[in-house]
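S.K.: One predicted model, sequence on top.
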Amino acid sequence: MARHARIPGTHQVVLLVTISVALLGACKGTEEAATLSKPVLGEELPPIPIPPANGPKLGALADLTPVLERPEPGGKQIGYLHAGAQVARAEEALSIEGCPEGWYPLRPRGFACVGPTATLDLGHPTLVAMSLRPRRDQPLPYTYARTRQATRILKRAADADDRVATVRRLPSRSGLAVVGSWEATDEGGEPLRLGLLTSGLFVPAEDLEAARPSDFRGVELPQGLEDLPIAFNVKQGVRGFKPTKDPQEWEKGPPLEFHQLLRLTGRYRSSGSVQYWAVDEDTWVRHRDVTVIRRRSVFPEFAAGDQRWIDISVVTGTAVLYEGKKPVFATLVSAGRDRLGDPKTTASTALGDFEVTSKHLTAKGLDPARLGDHGEFYDVPWVVELSSGQLMHGAYWHDRFGIEHSPGSVQLSPADAQRVWTWATPDVPDGWHGVNERPKDAPKTLVRIRK
């Protein structure tokens, strides 16, 4: 199916405080409540300076700590922080309406309520336990693992700090991010070495093995259209060819590597019903053997100026990033495995023109059972959500890019997903885990999905 559960809102916050206590012992105590000098707010917000980057910090205690547009309960959520994050804040709270410990302006915008989901105490156990921050400059933001066999998801037992209890079963070959470790005993008293998940839950370490994500990555196009056409090999057993004196005879060359990039000269020739593309004077490839990304001559109306947009072909399994009419990056993707079926009833990717509406460093609200063919997949990285509800994201569990494979989302290799996520608007501020909408003054990124 093309549509997925949307990223959760304020009402779906999951606290991690008790997990931190299990890891680090009793809380050391919190700062005294900030002295508030601001009155309760009315209809209009006063001008609010952006807190400086080197100012005091607010720490996130929840799996999803909401950032609201206004400092009031039930306000529109514009983004969120993840447990352990620290974000620059104002010196003083702006309001205590519906938040006795104060609503604090955050950098660069929005407000967070100090209380169960956020703290001013930077020594809080949750901030220490979840101190491993996601890496934005790497193909994967965390260290990922796969389950060797069916296993258990565990949580801290309510009646003991050194014991865990089973929450539910986790299928074999599931994927998840591991951000720490702990030792405890289970319900039967068996000692366990545990992997800590980003949700604050645990999985037995003996049932985990390192994920082996694809190292495939697309290609930068510094010269724009002049860098095209290019081709990728997405099949096993494909060879290059060398022309002979007889135009109908071709000499087989060495095999091509899977996902090998081929920079084509633009020259091609036909031999009977077979078309060949030139890589150089001595190396040619059959058109039917490779995936070709051609130079565009016709552009959509919105491809003007420096407008950022992504051109995705479901049939060829390709994506090209454009700034106006200039292509800047090209790669392979995995679209819905049912190709051009009905996205409402099959595993197909819906066609059309869409806008990027939100971005998430990892998807906390995706249904983990609907991302792959087998198992469950958590902390899916570099999520870009479209106005259609469809998702583009990194896939750390397969290497079939350029081949239809997904349940409807557009999947990219981790390196390519990070490249697209960083380039596409809206930006996710430092310390934030996601934004739920594009700011009014931010440029749009458009996505065309076609056959």
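M.R.: Here it is on my side, so go on. Because the structure is a prediction, the values reported are computed rather than measured.
S.K.: how far away is the most centrally placed residue in the chain from residue 262?
M.R.: The centre of the chain sits closest to residue 382, judged by CA atoms, centre = their mean, with a distance of 1.7 Å. Distance of residue 382 to residue 262, computed by CB to CB, to the nearest Å: 26 Å. Quick note: C-beta positions are derived from backbone N, CA and C, even for glycine.
S.K.: Residue 406 now?
M.R.: From residue 406 to residue 262 the distance is 25 Å (CB to CB).
S.K.: pretty sure residue 231 is touching residue 284, no?
M.R.: No: look at residue 231 against residue 284 with CB atoms under 8 Å: they stay out of range, at 11.1 Å.
S.K.: low-scoring stretches of the stretch 201-350 of the chain, by residue?
M.R.: For the stretch 201-350 of the chain, no stretch is flagged by pLDDT under 70.
S.K.: ok, residue 332 touching residue 234?
M.R.: Yes: the pair residue 332 and residue 234 passes the contact test of CB under 8 Å, sitting 6.7 Å apart.
S.K.: what sits in contact with each of those two?
M.R.: Contact with both residue 332 and residue 234 is made by residues 259, 291, 317, 401, 402, according to CB atoms under 8 Å, 6 or more residues apart in numbering.
S.K.: which residue sits closest to the fourth one, ignoring its sequence neighbours?
M.R.: Of all residues beyond its chain neighbours, the one nearest residue 401 is residue 332 (4.2 Å), with distances taken as CB to CB, 6 or more residues apart in numbering.
S.K.: who's in contact with that neighbour?
M.R.: Contacts of residue 332 (CB under 8 Å, 6+ apart): 216, 218, 232, 234, 259, 291, 317-319, 401-402, 413, 416.
S.K.: okay if I get those as CSV plus secondary structure and neighbour count?
M.R.: Converted to CSV, the contacts of residue 332 look like this (DSSP: H, G, I helix; E, B strand; the rest coil; neighbours: other CB atoms under 10 Å):
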residue, secondary structure, neighbour count
216, coil, 20
218, coil, 26
232, strand, 26
234, coil, 20
259, coil, 19
291, strand, 21
317, coil, 24
318, strand, 24
319, strand, 25
401, coil, 25
402, coil, 23
413, coil, 26
416, helix, 28
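S.K.: Give the partner strands of the strand or helix carrying residue 169 in its sheet and their orientations.
M.R.: According to DSSP states H and E, residue 169 maps onto strand 164-170. If you go by DSSP bridges, strand 164-170 pairs up with strand 151-156 (antiparallel).
S.K.: Distance of residue 106 relative to residue 434?
M.R.: Distance of residue 106 to residue 434, given as CB to CB: 14 Å.
S.K.: next one: residue 131
M.R.: From residue 131 to residue 434 the distance is 20 Å (CB to CB).
S.K.: And residue 187, by the same measure?
M.R.: On the measure of CB to CB, residue 187 and residue 434 end up 35 Å apart.
S.K.: likewise residue 327?
M.R.: According to CB to CB, residue 327 stands 28 Å off from residue 434.
S.K.: With residue 150 instead?
M.R.: Computed as CB to CB, the residue 150 to residue 434 distance reads 31 Å.
S.K.: so the closest residue to residue 205 other than its chain neighbours, which of the three states?
M.R.: In this structure, residue 205 finds its nearest non-sequential neighbour in residue 193, 4.4 Å apart by CB to CB, 6+ apart. Classification of residue 193 using DSSP: H, G, I helix; E, B strand; the rest coil returns strand.
S.K.: how many other residues sit next to residue 193?
M.R.: The number of residues packed near residue 193 is 12, by other CB atoms under 10 Å.
S.K.: Tell me the spacing between it and residue 445.
M.R.: Distance from residue 193 to residue 445, by CB to CB: 43 Å.
S.K.: again, but for residue 320
M.R.: Noted for residue 320: a distance of 13 Å to residue 445, by CB to CB.
S.K.: Show me whatever sits in contact with both of these two.
M.R.: Any residue near both residue 320 and residue 445 by CB under 8 Å, 6+ apart counts here, and that gives residue 310.
S.K.: rewinding a little: next SSE after the strand holding residue 169?
M.R.: strand 175-185.
S.K.: Report the residue ranges of every domain in the chain.
M.R.: Per automatic domain parsing, the domain ranges recorded for the chain read 1-132, 143-210, 229-293, 308-450.
S.K.: Kindly reformat those domains as CSV containing distance to residue 302.
M.R.: Formatted as CSV, the domains of the chain follow (distance: least, CB to CB, whole Å):
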stretch, distance to residue 302
domain 1-132, 22
domain 143-210, 36
domain 229-293, 20
domain 308-450, 6
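S.K.: Return the most buried member of those domains.
M.R.: domain 308-450 (a mean of 20; mean count of other CB atoms under 10 Å).
S.K.: okay, the residue nearest to residue 409 when sequence neighbours are not counted: pLDDT?
M.R.: Counting by CB to CB, 6+ apart, residue 391 is the residue found nearest to residue 409 once chain neighbours are left out, at 4.3 Å. pLDDT, residue 391: 95.
S.K.: Repeat that for residue 188.
M.R.: For residue 188, pLDDT reads 89.
S.K.: Quick check: bridge partners of residue 151?
M.R.: Beta-bridge partners, per DSSP bridges, of residue 151: residue 170.
S.K.: who touches it in this structure?
M.R.: Contacts of residue 151 by CB under 8 Å, 6+ apart are 169, 170, 172, 203, 204, 207.
S.K.: Go again with 10 Å.
M.R.: When contacts are counted by CB atoms under 10 Å, 6 or more residues apart in numbering, residue 151 is found next to 169, 170, 171, 172, 174, 203, 204, 206, 207, 208.
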